[in-house]
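Asks: structure for this input, please:
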Amino acid sequence: DVVLGENEEINRPDVIIVPSPGPFGLLGLCYAARHNVPLVAGLHTDYDRLTSLYWNGRWGAWGLFTRDYIRMINTMLVRRSAVVMAANDDLADTAARMGGDRVERIGSVVPRRYLDRPVIDAGNGLQTILFAGRLAREKNLSAVIEAARRLPNLQFRIAGDGPMRREVEHEAGRLPNLAYLGWLARHELMHELDRSDMLVLPSLLETFGTVALEAAARHCLVLVSPHCGLLDWEEFNGSVLRMRE
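Replies: The predicted model follows:
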C-alpha cells in the first residue's frame, strides 16, 4: 500500500499484467505505454465461442458486436504485449494469429493443503459424482442433470453458484439422487472432493479446469469433456479421463 503526500510519488512498476480485456485492460495498456514499462497480457477465455453460446438467434447482432469489441481489445493487448500468457494450446494459437510476438502457456496452481493433507481412500467404488464450478450455460450442467436422471443408483452433487442456480435447485428438488450444495469455500470443496468418487466437467468451454487439477491432487477420478484445456498438458494424461460422445 502506498500513501500519497504532496512530495511523494508512487514507485513505478517493472511490469503491468493485464489478466483480461475490458476497460481495466485498456487502462493497463495505457499505463504501460505512458510509463514505458513492459505489458503482459493473459488470454484465458475463447470469447468467440463464449459469445456464440450466449448471444444467438434474435440476439445475434448484439453477439456479433460483443464478440468484435472484445476481439479488438484483445488484439490490441496481444500486439502490444512483451509476453502473452495463454491457458491452453488453442488460445496460444489464437494469440499467435493475433500478432503476439511471444506466447507462453501458463497453467494453474493447487493450494498446498490439497497436497499436504493425507488422502483417505473411501473404497466405495463409483458411488458419488461431483460437479463443481460456475452454474452457467458453458458448463453444460444439463449433462450432469441428465446423467442423474438416467443413473438413479448413483449420487450426484453439484457445487457452485451462477445464473443457472434456480434451474439446478429445481432439478435437485425433483431428483432424489441429485443434491445442490451451494457455493463452497476452498476448504469445503476439498472436503467434498474427498467424499466423492469422481469429479465431472462436461463443459462446452473450459479453458483450463482448475477444479479438475485439484480433484486429481486428492486422488479423485476426473472425467472431463474434450473441450477442457487441462487435456493439453501431457503431465496430467494419466490423471484425467476424456469424455466420449
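Asks: show residues contacting stretch 119-130.
Replies: 144, 147, 154-159, 192-200, 215, 218-221 (Cβ atoms under 8 Å, 6 or more residues apart in numbering). No exception for glycine: its C-beta is placed from N, CA and C like everyone else's.
Asks: buried among these? Need that as a selection in ChimeraX.
Replies: To isolate the buried members of the contacts of stretch 119-130 in ChimeraX, using 16 or more other Cβ atoms under 10 Å:
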select :144,147,154,155,156,157,158,159,192,193,194,196,197,198,199,200,215,218,220,221
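Asks: beyond the helix or strand where residue 173 lies, next helix or strand please.
Replies: Assessed by DSSP states H and E, residue 173 sits inside helix 165-174. Next along the chain after helix 165-174, taking DSSP H and E as the criterion, comes strand 178-182.
Asks: which is the succeeding secondary structure element to that next one?
Replies: Counting by DSSP H and E, the element after strand 178-182 in chain order, helix or strand, is helix 186-195.
Asks: quick one: mean pLDDT for the helix or strand just after that next one?
Replies: Going down the chain from helix 186-195, the next helix or strand is strand 198-201, by DSSP H and E. Here strand 198-201 scores 96 as its mean pLDDT.
Asks: related to what we said a few turns ago, which parts of the helix holding residue 173 are buried?
Replies: For helix 165-174, the buried set under the neighbour-count rule, 16+ other Cβ under 10 Å, comprises 165, 168, 171-172.
Asks: out of the residues you listed, which comes closest to residue 45?
Replies: Of all those, residue 45 sits closest to residue 165, with 21.2 Å by Cβ to Cβ.
Asks: hang on, isn't the closest one packed against residue 135?
Replies: Yes: the criterion here is Cβ atoms under 8 Å, and residue 165 meets it with residue 135 at 5.2 Å.
Asks: overlap of the contact sets of the two?
Replies: Common neighbours of residue 165 and residue 135 (Cβ under 8 Å, 6+ apart) do not exist.
Asks: strands of this protein, start to end?
Replies: Using DSSP state E, the strands of the chain run over 16-18, 39-43, 83-86, 103-105, 128-132, 155-159, 178-182, 198-201, 221-224, 241-242.
Asks: residues contacting the closest residue to residue 218 other than its chain neighbours?
Replies: Closest residue to residue 218 in three dimensions, ignoring its sequence neighbours and counting by Cβ to Cβ, 6 or more residues apart in numbering: residue 193, at 4.6 Å. Residues in contact with residue 193, defined by Cβ under 8 Å, 6+ apart, are 130, 132, 199, 214-215, 218, 220.
Asks: looking at residue 49 now. What's its pLDDT?
Replies: Predicted confidence (pLDDT) for residue 49: 67.
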